[in-house]
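My questions are about this predicted structure, shown below with the sequence.
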Amino acid sequence: MPDAMVLPLLIAALLALAVAMWHRRVPPVVAARTTTAVLVLVAAVAVPTVWLAGLSFLTHAPVIGRWLDACVDSLGAHHQVAPWIGVPAVALAAVGTWRAVGVVRTYRGLRHTDGGVHVVDHPEAFAFTTPGRHGRIIVSSTLDAHLTAQELAVVLAHERAHARHRHDLYLLAAQISAALLMPLHPLVNRLRYSIERWADEDAVVECGDRRLVARTLGRVALIGAAPQPALAFAGLGVPARMAALMAPPVRRSGRMHRLALVLLIGLTAVFAAVQMRHLVDMVLAFCFG
Ligand SMILES: [Zn+2]
C-alpha cells in the first residue's frame, strides 16, 4: 500500500478511538452529532483507500488486468499491490457496497411519514419509533397496560424526541458507514447509546423529573422482551442510562479536549476530501476513460 494512504488511515483510526473514549463525558446531543460526523468522515477516508488498493491490485491481476490496462494511467495505479492487501481490499469493497445497498433498502421499507402514536395488540412489552419524516410511534398493548399514565408520558416523550430530532437519519448515516467499513460497528453502538441518552434527557425536560424517567426505564426493561428494535425505549444500555439519569446532567468537556477533537476532525476532513477526490477521479476514469 502506498505510504500516502497509510497516514490518512492512521489519523482516521486515531479519531475513531478518541471519540469512542470521549462520548460519555459530554452531553448526549454533542456526543451523537460528533460520533455521526466522525463515522462518516472515517468512512470517507478509508473507503476510497480500500477501493483504490483493490483497483490497483486488479489492474495488475493476470486476466482482469489486461481489460483494465487502459485505466492504469488515468487512475495513477502504477503501484503493484500485494495479494495479501489486494484480495481483502476487493472483497471488502464488494461486500461493503452490497451491505450498504441493503441498509438503504431496509430503511426505505420501514420508513413512515404519517406520524402519530399507534397502539398495537401484542403479548410483548415494547415501544419504538419508525424511521422517516414524522416517524410513527408504536406502543404495544402489553406495555400500555403495565404503565401508569405518568410512566407512559415518559415513554412517549422519549419516542417523540427520536422523531423530532430525526435520529433515524443519524443511524442511517452511521449504518451505511459501518456497512461500507465493518470495523466501524463498535462506534455505531456508541452512537446508539448517545441517541438513547439524548432522548432520555429530552424526556426529563418534558416530564421534569430525572428519577421518574430512570424508574420508567427500569420498569420497561424488566417487563420488556429482548431483543428490541432500533430506537426502542429500553433497547440499549439500560443500567448505564439509569445511572446517568440518577446523576446530575453531564457538562461540556474541558477546552483542551474540545480543541484536540476539533483538530483531529479537521485533519480527517481534509484527508476525506482528498480521498473522495481520488475516488471521483477513479469513477470518471472508469466511465469516460
Ligand atoms: Zn429510544
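Right, received. Where do you want to start? Numbering: from 1, shown residues only.

Which parts of the stretch 151-289 of the chain are helices?
For the stretch 151-289 of the chain, the helices defined by DSSP state H, counting those that start in this stretch cover 167-180, 185-207, 210-223, 238-246, 255-288.

quick one: low-confidence parts of the stretch 151-289 of the chain?
225-231, 253, 283, 285-289 (pLDDT under 70).

who's in contact with A125?
When contacts are counted by Cβ atoms under 8 Å, 6 or more residues apart in numbering, A125 touches 140, 142-143, 146, 220, 223-225. The way it works is simple: take the backbone N, C-alpha and C, and place the C-beta from them, glycine included.

Neighbours of T113, how many?
Residues within reach of T113, counting by other Cβ atoms under 10 Å, total 10.

Name the secondary structure element that contains it.
If you go by DSSP states H and E, T113 is not part of any helix or strand.

before we move on, what about the one 5 residues further on?
With elements taken from DSSP H and E, the one containing H118 is strand 117-120.

tell me which residues in that strand are buried?
Neighbour-count burial for strand 117-120, counted by 16 or more other Cβ atoms under 10 Å, picks out no residue.

Pretty sure Q275 sits against L7.
No: Q275 lies out of contact with L7 (Cβ atoms under 8 Å); the separation is 11.2 Å.

So between the two, which is more surrounded?
Q275 (22 against 11).

show me what contacts the nearest residue to that one once chain neighbours are set aside?
Using Cβ to Cβ, 6 or more residues apart in numbering and skipping the chain neighbours, the partner closest in space to Q275 is P48 (4.1 Å). Applying Cβ under 8 Å, 6+ apart to P48 gives the contacts 275-276, 278-279, 282.

likewise V274?
Shown in contact with V274 (Cβ under 8 Å, 6+ apart): P8.

measure it to the ion for me?
Distance from V274 to the ion, counting by Cβ to the ion, to the nearest Å: 37 Å.

And that residue, how close does it get to V280?
Going from V274 to V280 by Cβ to Cβ, to the nearest Å gives 11 Å.

Need the phi and psi values for R251.
phi -90, psi 170 (degrees, to the nearest 10).

Dihedrals phi and psi, the spatially closest residue to it that is not a sequence neighbour?
Distances taken as Cβ to Cβ, 6+ apart place P27 nearest to R251, at 7.6 Å, with adjacent residues excluded. Dihedral pair for P27: phi -60, psi 140, per degrees, to the nearest 10.

What of H122?
phi -150, psi 140.

Tell me who's in contact with the residue nearest the centre of the chain.
Central residue of the chain (Cα atoms, centre = their mean): A174, 2.2 Å from the mean position. Each residue near A174 by Cβ under 8 Å, 6+ apart is listed here: 35-36, 39-40, 184, 187-188, 191.

Just among those residues, which is most surrounded?
That'd be L191 among these, by other Cβ under 10 Å, with 28 neighbours.

can I assume that residue is in contact with T36?
Yes: between L191 and T36 there is a contact under Cβ under 8 Å: 6.1 Å.
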